[in-house]
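K.L.:
Got a predicted model here, sequence first, then my questions.
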Amino acid sequence: MNLDRRTLIAGSASLAAMMALEPVTASAALTGFRPKGQSGFDHSAFDALLAAYVKPDAQGYNRVDYRGVKSKLGSLRAYIASLEAANPVSLSRNEAHAFWINLYNAKTLEVVADAFPVSSIKKINLGGSFLFGSGPWKAKILTVNGTELSLDDIEHEIVRALFRDPMSHYGLNCASYSCPNLAASAYTGANVDALLRHNAVAYINHPRGVKVDKGRITASKIYSWYASDFGGKAKLKDHWLSFASQQKAAAITAASIAGYDYDWSINAS
């Protein structure tokens, strides 16, 4: 059985040990959403909202002005409705990759802004959670091509399963401190690869992504939950070195992985 990261966190330790994350299989994918066309999609409305309300701090961490987003919920919901009305199957692969990342992020923004002020997205329970799960991820809150979808469906059965690109993890944002940055611009077919790389560099060179202290590495739990997406835990250091600065790379090379951590505090400004 393929449990997502939040179920594993919220459940008991014994349950987590018995039912560990497995790689997404093709049979788990919502294969009807596989992109088959060459069309694009206009994300300019989302781009303008992100530019206005996502601001990097002095450490390069992107903070979100959720009160500002809350004042523009009508515009955000109109953008989300335009995505729901589109046919992502008609998009090219890169356009579809951007489409699904933007939809995930836009809906997450709406959910959090609607509930704001809130200290953690895990406190927002919209129903549908499995066992001890919390948060909004399992509720069917979107409909695309007549299919009701949850945020987990988009992440695990569409983005991870259909695109099979570990870089996707640097695009999907769960409104939490330990997530990779919510990009300050919308993903598009033209920029998706470059923007994901930009986010990977920012994340791996920030201590919430990969922290090195006294020869010991404490990495984000993203790399533990989804180790298989990165080629397994034995390949993690190679992945980090592909994006690390010269100084960070030297520290990673000389250190060993000691553990993983994750801070679910809201990424608010």
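P.N.:
In hand now; what should we look at?
K.L.:
So what pairs up with Leu91 in the strands?
P.N.:
Per DSSP bridges, residues listed as beta-bridge partners of Leu91: Ser39.
K.L.:
okay but it is in contact with Arg34, surely?
P.N.:
No: with contact defined as C-beta atoms under 8 Å, Leu91 does not count as touching Arg34 (10.4 Å). All C-beta spots, glycine's among them, are computed from the backbone N, C-alpha and C.
K.L.:
Look at those two and report which has more neighbours.
P.N.:
Leu91 (23 against 15; other C-beta atoms under 10 Å).
K.L.:
Give the full set of residues in contact with the more buried one.
P.N.:
Under the criterion of C-beta atoms under 8 Å, 6 or more residues apart in numbering, the contact partners of Leu91 comprise Pro35, Gly37, Gln38, Ser39, Gly40, Phe41, Phe99, Gly189.
K.L.:
Check the protein and tell me which residue is nearest its centre.
P.N.:
Against the mean C-alpha coordinate of the chain, by C-alpha atoms, centre = their mean, the closest residue is Leu172 at 2.1 Å.
K.L.:
Give me the three-state assignment for that residue.
P.N.:
Secondary structure state of Leu172, per DSSP: H, G, I helix; E, B strand; the rest coil, is coil.
K.L.:
so where does the nearest residue to it once chain neighbours are set aside fall, helix or strand?
P.N.:
By the measure of C-beta to C-beta, 6 or more residues apart in numbering, the closest residue to Leu172 outside its immediate chain neighbours is Tyr104, 5.4 Å from it. Counting by DSSP states H and E, the element that carries Tyr104 is helix 93-115.
K.L.:
Could you report the pLDDT at Ala16?
P.N.:
For Ala16, the model assigns a pLDDT of 39.
K.L.:
sorry, back to before: output the contacts of Leu91 as a markdown table; include the columns distance to Ala255 and pLDDT.
P.N.:
Listed next are those as a markdown table, based on distance: C-beta to C-beta, whole Å; pLDDT from 0 to 100:
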| residue | distance to Ala255 | pLDDT |
| --- | --- | --- |
| Pro35 | 40 | 98 |
| Gly37 | 46 | 97 |
| Gln38 | 45 | 97 |
| Ser39 | 46 | 97 |
| Gly40 | 43 | 98 |
| Phe41 | 42 | 98 |
| Phe99 | 38 | 98 |
| Gly189 | 38 | 98 |
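K.L.:
which pair in those spans the largest distance?
P.N.:
For those, with distances taken as C-beta to C-beta, the pair at the greatest spread is Gln38 and Phe99 (13.5 Å).
K.L.:
Who has more neighbours out of these two?
P.N.:
Set side by side, Gln38 and Phe99 show more neighbours around Phe99, with 26 against 11, by other C-beta under 10 Å.
K.L.:
picking that back up, my understanding was that the residue nearest to the centre of the chain contacts Asp152; is that so?
P.N.:
No: counting by C-beta under 8 Å, Leu172 stays clear of Asp152, with 11.0 Å between them.
K.L.:
mind listing the helices for the stretch 151-269 of the chain?
P.N.:
Chain-ordered helices for the stretch 151-269 of the chain, with DSSP state H, counting those that start in this stretch as the definition, fall at 151-152, 192-204, 222-225, 236-241, 246-254.
K.L.:
ok now the longest one, how far from the chain's centre?
P.N.:
The one in question is helix 192-204. 12 Å (C-alpha atoms, centre = their mean, to the nearest Å).
K.L.:
How many residues are close by Phe243?
P.N.:
20.
K.L.:
for it, what are its contacts?
P.N.:
Going by C-beta under 8 Å, 6+ apart, Phe243 touches Arg197, Ala200, Val201, Ile204, Asn205.
K.L.:
thought Tyr53 was touching Val69?
P.N.:
Yes: at 5.1 Å, Tyr53 counts as touching Val69 under the criterion of C-beta under 8 Å.
K.L.:
partners of the helix or strand following the helix holding Tyr104, with directions?
P.N.:
Once the chain leaves helix 93-115, the next helix or strand it forms, by DSSP H and E, is strand 142-144. In its sheet, strand 142-144 lies beside strand 147-149 (antiparallel), with partners assigned from DSSP bridges.
K.L.:
So which residues make contact with the partner strand?
P.N.:
Leu30, Gly32, Phe33, Lys140, Ile141, Leu142, Thr143, Ile158.
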